[in-house]
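In: quick one, fold the following:
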Amino acid sequence: MLNIVHYPDPILAEKMPNFDFAHPIMDPEELEKVLIETMFKNNGIGLSANQVGIRTRVFVMGTKHGPELTRAYFNPQVLNNEEDYADLPEGCLSFPNIFVKVKRPLKITCSWQNTKGEFQIGDFQGYGCKCFLHELDHLDGFVFKDKVSRLKWDLAIKKAKRKK
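Out: Purely as a prediction, here's the structure:
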């Protein structure tokens, strides 16, 4: 298991380089395994490589309730998104105990590579869409704090402090 990087660590603001299957920084299957293990140990549903200090474009997402569906998404991209958006609550392992509503599309079509480097295409909606976009933001150097107004963020911080 790896340690989670917390905001404002500078790695969270960096755009991550593509995972190079010809010259991998580590075995892709091992990277998937350690990211999933770390995500589950921290009760997350998504985790990007830079959130554990690894500089490459990969994230994992899934749940303990469906571990067979949990997988890594190498070099992910959004190909298309619906015009319909919704404000849905999000949390982040790099911002413990903070939750804020972020406006995101309700459905996206994406491409990525699996652990063997094979290209995949799929649609995500609802919770999966939100999670995919949240983790992709991490790989692009953005955090969910960057996606909301200062007022919305300040209210989320106050709420988190009250819960402690």
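
In: just give me the residue right at the centre of the protein.
Out: When the chain is reduced to its mean C-alpha position, the nearest residue by Cα atoms, centre = their mean turns out to be Glu135, at 1.9 Å.

In: name the element that one belongs to?
Out: Glu135 belongs to helix 126-139 when assigned by DSSP states H and E.

In: now the element after that helix, going C-ward?
Out: Sequence-wise, the next helix or strand beyond helix 126-139 is helix 150-163, with elements assigned using DSSP H and E.

In: keeping just the C-alphas, turn that following helix into CSV.
Out: Only the C-alpha atoms of helix 150-163 are listed here, as CSV (Å, rounded to 0.1, in the frame of the first residue of the first chain):
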residue,chain,number,x,y,z
ARG,A,150,-14.7,30.2,-3.5
LEU,A,151,-18.0,30.5,-1.6
LYS,A,152,-19.0,26.9,-2.3
TRP,A,153,-15.5,25.8,-1.2
ASP,A,154,-15.5,27.8,2.0
LEU,A,155,-18.9,26.4,2.9
ALA,A,156,-17.6,22.8,2.3
ILE,A,157,-14.5,23.6,4.6
LYS,A,158,-16.8,24.9,7.3
LYS,A,159,-19.0,21.9,7.1
ALA,A,160,-16.0,19.5,7.3
LYS,A,161,-14.7,21.4,10.4
ARG,A,162,-18.1,21.1,12.1
LYS,A,163,-18.1,17.3,11.6
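
In: pLDDT value on the residue nearest to the centre of the chain, please?
Out: At Glu135, the predicted lDDT confidence score is 98.

In: ok, it touching Ser48?
Out: Yes. Counting by Cβ atoms under 8 Å, Glu135 does reach Ser48; the two are 4.8 Å apart. The C-beta positions use only the backbone N, C-alpha and C, and glycine is treated the same way.

In: any common contacting residues for the two?
Out: A shared contact of Glu135 and Ser48, defined by Cβ atoms under 8 Å, 6 or more residues apart in numbering, is any residue touching both; here these are Phe59.

In: quick one: the strands in this protein, in order.
Out: Counting by DSSP state E, the segments of the chain that form strands are 46-48, 58-61, 71-81, 85-92, 95-105, 107-113, 119-125.
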